[in-house]
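[1] here you go, sequence then predicted model.
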Amino acid sequence: MSETAEDRQEDNDPQGSEPEVDAAAEQAAEAPSDAAPEAANSESDAPADAAETSDQAQAEEVEVSETAAEEVEVAEKAAVEEEIAADASAKNPSGEEAAPKEESEETSDEAPAEELEEPQEEGHRGEAERQAKAREPAEESGTGTGEEDAMADGTEAKAEGEGKVETEGEADDKAEGEAEGEGEAKARRISPRDNEGEGGDETNSDNQPAEEDKPAIPADFFYEVGEFMSKPRVTEDSGLPADLLQLVYSYGYDCTKRDNLHILDEQHVCFVAGNLVKVVNLATKRQTFLRSSSGGGVGFVSVHPTRRYLAVAEKGEAPNVLVYEYPSLRLYRILRGGTERAYCYCKFDPSGKYLATVGSEPDFMLTIWDWLSERTVLRSKAFSQDVYRVSWSQDLEGFLTTAGTGHVRFWKMASTFTGLKLQGAIGKFGKTEISDIEGFVELPDGKVLSGCEWGNMLVWDGGLIKVEISKKGKRPAHNGPIFQVVMDAGELMTVGIDGLIQTWDFEMIDTAEAGDESGLIEMDPMNAYEVGNNVRLAHIVKQVTPADATTTAEDEGSSEWLAQDSNGGIWRLDLSFSHTAQPPERLLSCHAGAIAGCAASPLSYLVATLGADGSVRVTDFVAQRTLVESRFSGSGTKILWAPQTVDPKGRTILAGFADGVLRVLSFGENPETDPTRKAKQVAELTLVDALKPHTGRVVDIVLDKMGDMLVTAGIEHESSHAEEQLSSIFFFSVSASKYTPVGFIRFQGYPAQLAWLSSGSDQQPDQVRVFFTDGRVCDFDCPDPAKVDASVTYELAGFDVKQRFAFASVKSKLRRAEELEEIHRLEAEEMKRRAEERKRKLERGLQTEEEQAKEVEDEEKEIAKRRAEEQQWEPYYPEEPSPILCGLVPDNQQNAFWLSMGGFDSGYLYRCEYPAEAPKDFEAAKREPVHSVTVKDSSDVPVSVISFSKSGRRAYLGMQDGSVRVQLLDTPFDIGSMTSQWCLPMHDNDYGAVTGICPSHDDAYLISVGRDGNYFVYNIMPEEEMQERQAAAAKAKAAVLPSAKRIQRGDDIDDPGAYSIEEDKQKSEHDRRVKLAEEKKAGIRRRVNELRVEFRKLKELNQALPERIQLRQREFEMVPQLKLDMQEQRKQKVHLVERELAWESERCQIALNKLRKRFLDELECDLVVVRAIESDHEVASIRTSKLSEAFNRLKEEMEKKRTLASQKDATRDATLLSAKTADSSRSNRDCAE
């Protein structure tokens, strides 16, 4: 029996709570920078003296905060204890807790309004302060000792508000790219509306009211769960009922999901199952389901310390955290805006006041919630890679730890002068190899003990590895990763993937000191508990005592624990470690990991499932119990329940495995009645035969309709190179449940599916169609067993490919056609609107026919331009061919087939046909589909598996995102005639692709299995009832028509811009007045024209008279002043226009001057081209710029200097000449004498 949460709800009016905003942002903005150095994003780049000043301010701040915390400790503890006591005793939820207040400080002596509560045990206070001070240098001031000092000298980088410090150079490539030290990350108080951003510091908007001013949520308020739960997506107006499929039972268990086992009380446990949270009564096996609200899946579940509340952290776009009250399962609180896509972990703090959540990619956001108030308290990016879990310290309030891929990080909620902050310090591995951290626990003194990938334990102190602990002889503490570390009643336990639970000496570990540089300490566990063979423990949780189901596990004296076995099950363990301890008891057994497929019995309500763990299970889904389970070596890949043509009694089950083995199994009642002599199972599964037709995994198994031949497809050689990929199909003859090998055909590529093609004639052989993962399809003839010689080899010779087909991508063309169709539809509507607008304008005289013809011509040109651009579009073809996920062969149309593609071409189902003439190779056989059908509202999620109802009127589709889809068909078994659809997310949306979906033998039930290990059974509404309900829904929507009456048809108003009645009235009155004014002006113009004609005639008569009696021109001017006045008015108007245009004229003149100065004034010579008239000759000048003024000045100076030099030379020459003349005269005179 099962029930949903909606069945257990009370009627409450759904209410929502407005996002509440804290005033911390305004206080932080007004606070001095030296009082909040950690809020500055650039503190790592500050000078040394500024860092010292910041350190002193921080030290004073911590002292004041601690003093204030001690002063308010008593009052706060009393309030919290009173609230928790009321919460534990009342059946209704407790009242809302007061929001943490943050008030700006007036002086340095005043403390913030809320400080972190100190540890409740005085013995731990000194050690807690020591740990806090050890972390603060790395968190706030950036200084430290040892490796921290070395790291401080390294390179620092900041990304999105989070400082990152690179680890040591000795770390491997994984450390360099994956586990960068992220320095200090801090977060302010924010409201849910401020959850968009990332980084360490977040502030509120200043215009938002303070959180204290927001109305409190009543303690007895509940949401109506039915309004928030996700529902099936049904085609609009199809009339399909929402309960077309009803979940009956869930048999699977996602045992590989991290920490997927939680105890609610002494009888009930809960865990995540795809899009559901499953609550199971361990005694009665009764199940209750909580659906996700988003339809995107459930990320994690956490139980409140009082076990009165259950937090369900979801997945999807902007997922929520839903908090349910237990055991009523009424929806109590909704936390919104904590991450972008999915939550991967959540955890209540020990007091139950806060809830910590961690998001997955892309933000990896750590958020602290005041969940009762639905408020975000703090948030910060936890790390840049996957975070596996978050945990609160049981002893030090406000201390958290997160760990995941290549990192561990230590967090502290600290009250400072700028408000409550979340400070995080990254753990530094130092000389230890970087490891993913799965399990860890916070020790009472603030240290953290964690596991690692190689099985040893690491003791973290102050952000550094203090010691590494192994067994003596340097043997690892566990053979494999440690998935959980538990502190219970002073005992320290580790849980490993090797199936061991070991207890250790806590005092020895807590006080361990490294004796040498290796830092390795050897010690053996005090106790070791091995659950069993092939057990892989992932998580344990302590059982609740019936006496008080609301007390926490740490307060109980029970030694019973429940364990999550990732190898398929849940165990009850007695960890008293005494000689009276009870042996392990397996409470739940299931497939471990993915389920490869399912097959329904042809005769009864039985279904066989095959898991990736190699187990085959047969379930009676009406009695809701597993009848038999058998596990084999190798991972399961394909299962088939033989039809009645092969086995009339429905006993035979065929299972294929990854090691190439085909096993023939026989199912039936267990003949052994004594349960002590054989397994306590009512049925047995007997191995009849084991065959190995392939060296690699078996991909598919098919039987012909008569049950005479069996064909398997499998891998022979896997390779990354296409030419080296080898596979084969193997034929067996079937006779009296004997499977005799006939032969095999080897080919290149990986097969995805087989289909049997019956020729229907004794002259023509049957064929086998092979669908390949790379988009190829081909046919092979089936051999005749009587004509095959297998004395030397089973490889068949002469069986070549009969037909070939290679899929050519067409999705980009289909999408382009859809886009163009929508564009053309909108264009047609726009053209129609414009035509009506032109018609209206033409009727009103607002536009002429010539103007409208010009508009139409422009529109046609624009459309022609767009059509030309459309013709230039080129389709996109993916580099790698899309894989075939499944194929269907229509009845009586063996030359055609339907394909469901993955990758780029998903979102459609394609009908393909072989070419008329068989191509010689696949390159020549490449063809586009002849028809395609859109899988509507699928968001291009691929269809992974398809099956049909017995009538063929329904197609059941399993989707890659874990959804189960029902498609109605107009034509039986014709997938191309899909009409209405019904779709419901069931399996995990990320890794829960549906691998098998099949109806029962009478179409009463539907079974779906997925890669997430979940296995659901649904009731199917009969087709007759569905049609009746569709008809009733259509009738309810049908309108009652009034009686017919002859009515004169009126004119419609199609123009959305048409005038209203009042607008039309005002427009008509305005048009009437305009018309009267125009008529008056027209009459005046006519009278003026008449006077002008009469005046012209008088002037002509005057010209005809003798000159002596003619009137002069000025005599015709009756009042000369009128002309002068008109000329003066014209001058004034011209002057007014000049004044109005003066600024624009001046602006244009300045612009013209600038252009002339820039382009013309600097030219010495512009470009001038002279072309000949009678020839092609032409001569052009060169565009030459003027030389600069400096050059001209320099030239003038040089000219002056040259002129002066020339003048000096001329003077000197004249002087010399006169001197020579004087000498010559003197010489002549002397000679004469």
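    That came through, no problem. Numbering: from 1, shown residues only.

[2] all strands of the stretch 1101-1233 of the chain, in order?
    1163-1165, 1169-1171, 1178-1180, 1184-1185 (DSSP state E, counting those that start in this stretch).

[3] make CSV from the ones you listed and add distance to N456 to it.
    To be clear about C-beta, it is placed using only N, CA and C from the backbone, and glycine gets the same treatment. Converted to CSV, the strands of the stretch 1101-1233 of the chain look like this (distance: least, CB to CB, whole Å):
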stretch, distance to N456
strand 1163-1165, 85
strand 1169-1171, 89
strand 1178-1180, 88
strand 1184-1185, 81
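
[4] A382 is nearest to which of those?
    Nearest to A382 among the strands of the stretch 1101-1233 of the chain is strand 1184-1185; the distance by CB to CB comes to 65.4 Å.

[5] helices or strands up against that closest one?
    strand 1163-1165 (3 or more CB pairs under 8 Å, 6 or more residues apart in numbering; DSSP states H and E).

[6] what's the strand it packs on in contact with?
    S1181, I1182, R1183, T1184, S1185, K1186, L1187 (CB atoms under 8 Å, 6 or more residues apart in numbering).

[7] next, the contact list for the residue at minimal distance from the centre of the chain, please.
    Residue closest to the average C-alpha location in the chain (CA atoms, centre = their mean): R341, at 5.0 Å. By CB under 8 Å, 6+ apart, R341 lies in contact with K315, G316, E317, P319, G359, S360, E361, P362, D363.

[8] try 10 Å this time
    296, 299, 315-319, 359-363, 990 (CB atoms under 10 Å, 6 or more residues apart in numbering).

[9] please identify which of the residues you listed is nearest to K861.
    E317 (43.8 Å).

[10] pLDDT weak spots in the chain?
    Along the chain, the model assigns pLDDT under 70 to residues 1-215, 546-557, 673-680, 722-723, 1034, 1036-1049.

[11] and it, what are its domains?
    814-852, 1128-1170+1181-1190 (the TED database).

[12] from those, which stretch is densest packed?
    domain 814-852 (a mean of 13; mean count of other CB atoms under 10 Å).

[13] right, and T306 touches K353 too?
    No. The pair T306 / K353 is not scored as a contact, 11.4 Å apart, by CB atoms under 10 Å.

[14] so the two - more neighbours on which side?
    K353 (21 against 18; other CB atoms under 10 Å).

[15] roughly how far does the more buried one sit from Q267?
    28 Å (CB to CB, to the nearest Å).

[16] in stretch 494-504, what's buried?
    Counting neighbours by 16 or more other CB atoms under 10 Å, one finds that the buried residues in stretch 494-504 are T494, V495, G496, I497, D498, G499, L500, I501, Q502, T503, W504.

[17] kindly reformat those as JSON lines containing secondary structure and distance to T979.
    Shown next, in JSON lines, are the buried residues of stretch 494-504 (DSSP: H, G, I helix; E, B strand; the rest coil; distance: CB to CB, whole Å):
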{"residue": "T494", "secondary structure": "strand", "distance to T979": "58"}
{"residue": "V495", "secondary structure": "strand", "distance to T979": "53"}
{"residue": "G496", "secondary structure": "strand", "distance to T979": "54"}
{"residue": "I497", "secondary structure": "coil", "distance to T979": "50"}
{"residue": "D498", "secondary structure": "coil", "distance to T979": "54"}
{"residue": "G499", "secondary structure": "coil", "distance to T979": "52"}
{"residue": "L500", "secondary structure": "strand", "distance to T979": "57"}
{"residue": "I501", "secondary structure": "strand", "distance to T979": "56"}
{"residue": "Q502", "secondary structure": "strand", "distance to T979": "61"}
{"residue": "T503", "secondary structure": "strand", "distance to T979": "63"}
{"residue": "W504", "secondary structure": "strand", "distance to T979": "64"}
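
[18] now, which of these sits nearest G845?
    Among the buried residues of stretch 494-504, and counting by CB to CB, the member closest to G845 is I497, at 88.3 Å.

[19] verify the stated contact: that closest one with S566.
    Yes. Between I497 and S566 there is a contact under CB under 10 Å: 7.5 Å.

[20] shared neighbours of these two, which are they?
    F483, V535, R536, L537, A538.

[21] still on that earlier bit, among the contacts of R341, which are in helices?
    Using DSSP state H to define helices, no part of the contacts of R341 is located there.
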